[in-house]
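Engineer: Below are the sequence and a predicted model for it; my questions follow.
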Amino acid sequence: MESPKTAAIIQRTREAAAALEINGTPGLVVGDTVVAGAIGFDELVKLIAEERNKQG
C-alpha cells in the first residue's frame, strides 16, 4: 500500500542521504557534522555542544 506521494518522499529522503554519504542506519546530522553509524550518548552531547558553540 504505497501511494505516489509517499514514494516521492522516500525517494527525496534517499537522495538527500546519498548526497550526505549516509548509506545506512543509524545516521544523523548535527549542524555541519554527518554521523554515519551509531555513536554513544556522550559523543552526541559533545557534538551538539560543539555545534551550539559555533553558532555563538
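Structural biologist: Yep, that arrived. Numbers count the residues shown, from 1 in each chain.

Engineer: all helices of the protein, in order?
Structural biologist: Shown for the chain, the helices assigned by DSSP state H span residues 4-19, 41-55.

Engineer: can you redo these as JSON lines with distance to residue 27?
Structural biologist: (Each C-beta comes from the backbone N, C-alpha and C, glycine too.) Output for those, formatted as JSON lines (distance: least, CB to CB, whole Å):
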{"stretch": "helix 4-19", "distance to residue 27": "7"}
{"stretch": "helix 41-55", "distance to residue 27": "13"}
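
Engineer: I'd like the ones you listed laid out as CSV, including mean pLDDT.
Structural biologist: Converted to CSV, the helices of the chain look like this (pLDDT from 0 to 100):
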stretch, mean pLDDT
helix 4-19, 93
helix 41-55, 94
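
Engineer: What separation is there between the spatially most central residue of the chain and residue 21?
Structural biologist: In the chain, the residue lying closest to the centroid (CA atoms, centre = their mean) is residue 28, at 2.6 Å. Taking CB to CB, to the nearest Å as the measure, residue 28 falls 13 Å from residue 21.

Engineer: any common contacting residues for the two?
Structural biologist: Each of residue 34 lies in contact with both residue 28 and residue 21 under the rule CB atoms under 8 Å, 6 or more residues apart in numbering.

Engineer: follow-up on the earlier one: kindly reformat the helices of the chain as JSON lines and extend each row with distance to residue 34 and mean neighbour count.
Structural biologist: Below are those laid out as JSON lines (distance: least, CB to CB, whole Å; neighbours: other CB atoms under 10 Å):
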{"stretch": "helix 4-19", "distance to residue 34": "10", "mean neighbour count": "10"}
{"stretch": "helix 41-55", "distance to residue 34": "11", "mean neighbour count": "11"}
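
Engineer: which one of those helices lies closest to residue 32?
Structural biologist: Residue 32 sits nearest to helix 41-55 of all those, at 7.5 Å, using CB to CB.
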